[in-house]
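**Q** Quick one: sequence and predicted model below, then my questions.
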Amino acid sequence: QVQLVESGGGLVQAGGSLRLSCAASGSSFSINTMGWYRQAPGKQRGLVALVTSGGSTNYADSVKGRFTISRDNAKNTVYLQMNSLKPEDTAVYYCNADVRIWGTRNWYDYWGQGTQVTVSS
C-alpha cells in the first residue's frame, strides 16, 4: 500500500506565501509523475502543477510565475512553493502521484487527503 500525506496548508493574507509538502510512504514502489491539483467550492478539480521523475515541470497558466513545484526523489516527496497568493487561489489542494507497485506492470493514480489553503483579501 502507498499513502500520500500532505502538509503545509493554512490561512494567509493576499500577497503571502505558503509551502505545501506531500510525502509518499509505503514499500516497494516506484513513482513517475507527481503533481498538485486544487478544487474550489462549486468547481471541478484542476491541475495546478506537475513534475516528472526527470524534473520536467508543467503549470496551470493561472499560477505561472507565482508557484514552483519541486521534488526530492530520495524522499518520495513533492513540494509546492506558493508566492504572491491571491484570494482566487483558495481551494483544497490535493497531491497526486503516478505509482507502480514492484512486481506489477500497471501505473495507478494515488491521491492525498487534501489540505485547505485559504487566502484572505
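**A** Received the coordinates, thanks. The shown structure was predicted, so the numbers you read here are calculated from the model rather than taken from an experiment.

**Q** residue closest to the middle of the chain?
**A** What sits nearest the mean C-alpha location of the chain, by CA atoms, centre = their mean, is W36, with 2.6 Å.

**Q** List the residue ranges of this structure that fall below the pLDDT cut-off.
**A** Filtered on pLDDT under 70, the chain yields no residues whatsoever.

**Q** Now do the same contact list for the spatially closest residue to the residue nearest to the centre of the chain that is not a sequence neighbour.
**A** What sits nearest to W36 in space, not counting adjacent residues and going by CB to CB, 6 or more residues apart in numbering, is V48, at 4.3 Å. C-beta here means a position set from N, CA and C on the backbone, and glycine is covered the same way. V48 is in contact with 35-38, 59-60, 63, 67, 69, 80, 93, counting by CB atoms under 8 Å, 6 or more residues apart in numbering.

**Q** The residue nearest to the centre of the chain contacts A49, doesn't it?
**A** Yes. Using CB atoms under 8 Å, W36 is in contact with A49, at 5.4 Å.

**Q** rewinding a little: show me the two of the contacts of V48 that sit farthest apart.
**A** Based on CB to CB, the longest span within those runs between Y59 and Y93 and measures 14.0 Å.
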